[in-house]
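Participant: Provide a 3D model corresponding to the input given below.
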Amino acid sequence: MKKNKSLIAFLSLMLAVTLLLSACAPAAPAAPAADAKPVRIAVVMPSATTDMAFSQSMYSALLAVQKDMGGPTKLEIKYSENMFKVPDAAAALRDYATQGFDIVIAHGSQYGSSVEEIAKDFPKTTFAWGTDVNTFGQPNIYAYTAAAEEGGFVNGVLAAKLTKSKQIGVTGPVEVGDAKTYIDGFVQGVTSVDATIKVNKTWTGSFSDVALMTEAAKTHISAGADILTGSSQSVVGSIGAAKDNGKVLWFGTQADQASLAPALVVASQVYDWTAMIKEIIASRATGTLGGKVYTLQLKNDGLKISYNSAFTLPADVKAAGDKAIADIKSGAVKVNP
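Facilitator: Take a look at the predicted model:
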């Protein structure tokens, strides 16, 4: 009996020690949580991601944000390019929303009515579109635009300082949106330097017809223009005409176009959508799916003037451009949209 009691006491002691050691031992590390799902963004664009203009500006911004966030595992990007036919673009937008993308971007002012209709069917999806300022009163739509007239003014000041013939040609697509405001600002900039300079405008009626842009540019050159500017993805035609001439200078907008004609491109207004995209992602994460308008400006660094380093710009002309930028940022110069 004594042996049994001793054995029981011993076993009880060992159990107590085991329990005590278990309680004092460090807790095992918790199993790693499953990786959070990436934010999924889809964008529909009217032209190619390499158009050196409007579509490329958005695609480049998305890639920059993706890199900042940590790569494709954090931000998934899908895109449809060359969607110049609105019905095709609308089908792509609806398809991306159906697939469950968090944010669907309609990068073209011609897509507004499609966004207005489709967003109603997907209240949990964030839509963004531009360039425009209309959210259609819907809580899941962001609108965005660019104060393109600001960079247009700066380019106009530079152009007025450089023209010898006092003839400048404009090749525009359709007289709407940032295409129009850019040219309006450009003309205001030219006039602020020399009101006697003549700015001749041609609107081709198409965002994508390169041949029409080429012919418009050639017409301006034949009329004596020694400087050209314009907007949309079709300005590659205008730049090509300038290159064929070899002496006509070019001012770009939407993207840095210096690589298209390093000897002739003086400066480009560059659209930078990265801050806007980051803010939309952050706002969605807190439950705000839309209802706001974003505007790129020089003072918020959404717009930038990129001087072509391969072009020798006289110091006084560069100083005039820099002053125009500073004056717009400070409000000393008001550019009419």
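
Participant: going forward, measure contacts between C-alpha atoms and count neighbours the same way
Facilitator: Noted.

Participant: Does D209 touch S232 like I think?
Facilitator: No. Counting by CA atoms under 8 Å, D209 stays clear of S232, with 9.8 Å between them.

Participant: More neighbours: those two, which one.
Facilitator: Shown here are D209 and S232; by other CA atoms under 10 Å, S232 has more neighbours (28 against 17).

Participant: Identify the residues contacting stretch 261-269?
Facilitator: With contact meaning CA atoms under 8 Å, 6 or more residues apart in numbering, stretch 261-269 is reached by 151-152, 155, 239, 242-243, 246-258, 303-308, 310-311, 313.

Participant: Okay, buried residues for it please.
Facilitator: 261, 263-269 (16 or more other CA atoms under 10 Å).

Participant: Would you mind checking which of those residues is nearest to M52?
Facilitator: Comparing those against M52 with CA to CA places S268 closest, at 10.8 Å.

Participant: Disregarding residues adjacent in the polypeptide, which is nearest to the closest one?
Facilitator: Distance criterion CA to CA, 6 or more residues apart in numbering; nearest residue to S268, sequence neighbours excluded, is G252 at 4.2 Å.

Participant: So that neighbour, which state does it fall into?
Facilitator: What DSSP: H, G, I helix; E, B strand; the rest coil gives for G252 is strand.

Participant: Distance check, it against V293.
Facilitator: 25 Å (CA to CA, to the nearest Å).

Participant: What of A320?
Facilitator: Distance, A320 to V293, by CA to CA: 32 Å.

Participant: Repeat that for A324.
Facilitator: With CA to CA as the criterion, A324 and V293 are 26 Å apart.

Participant: The two: which is more packed in?
Facilitator: A324 (23 against 18).

Participant: Just the pLDDT at the nearest residue to that one once chain neighbours are set aside, thanks.
Facilitator: Sequence neighbours aside, V154 is the residue nearest to A324 in space, at 5.8 Å (criterion: CA to CA, 6+ apart). At V154, the model reports a pLDDT of 98.

Participant: repeat for S208
Facilitator: Looking at S208, its pLDDT is 89.

Participant: these two touch, right, it and Q233?
Facilitator: Yes. Taking contacts as CA under 8 Å, S208 lies within contact range of Q233: 6.1 Å.

Participant: overlap in contacts of those two?
Facilitator: S47.

Participant: out of those two, which sits in the busier spot?
Facilitator: Ranked by neighbour count (other CA under 10 Å), S208 and Q233 place Q233 first, with 26 against 19.

Participant: quick one, strands of this protein?
Facilitator: Here the chain has its strands, by DSSP state E, at 39-44, 75-80, 103-107, 126-130, 141-146, 167-172, 198-203, 227-230, 249-254, 265-271, 293-296, 303-307.

Participant: that older thread, which ones are touching the residue nearest to S268?
Facilitator: 229-231, 265, 267-269.

Participant: repeat for K323
Facilitator: Residues near K323 by CA under 8 Å, 6+ apart: none.

Participant: how close does it sit to N308?
Facilitator: Distance from K323 to N308, by CA to CA: 17 Å.

Participant: Same question for V44.
Facilitator: According to CA to CA, V44 stands 30 Å off from N308.

Participant: And Q257, by the same measure?
Facilitator: Counting by CA to CA, the gap from Q257 to N308 is 9 Å.

Participant: The closest residue in space to V235 that isn't next to it in sequence: what's it in contact with?
Facilitator: Leaving aside its sequence neighbours, V235 sits nearest to M213 (CA to CA, 6+ apart; 6.2 Å). Going by CA under 8 Å, 6+ apart, M213 touches 171-172, 204, 234-235, 237-238.
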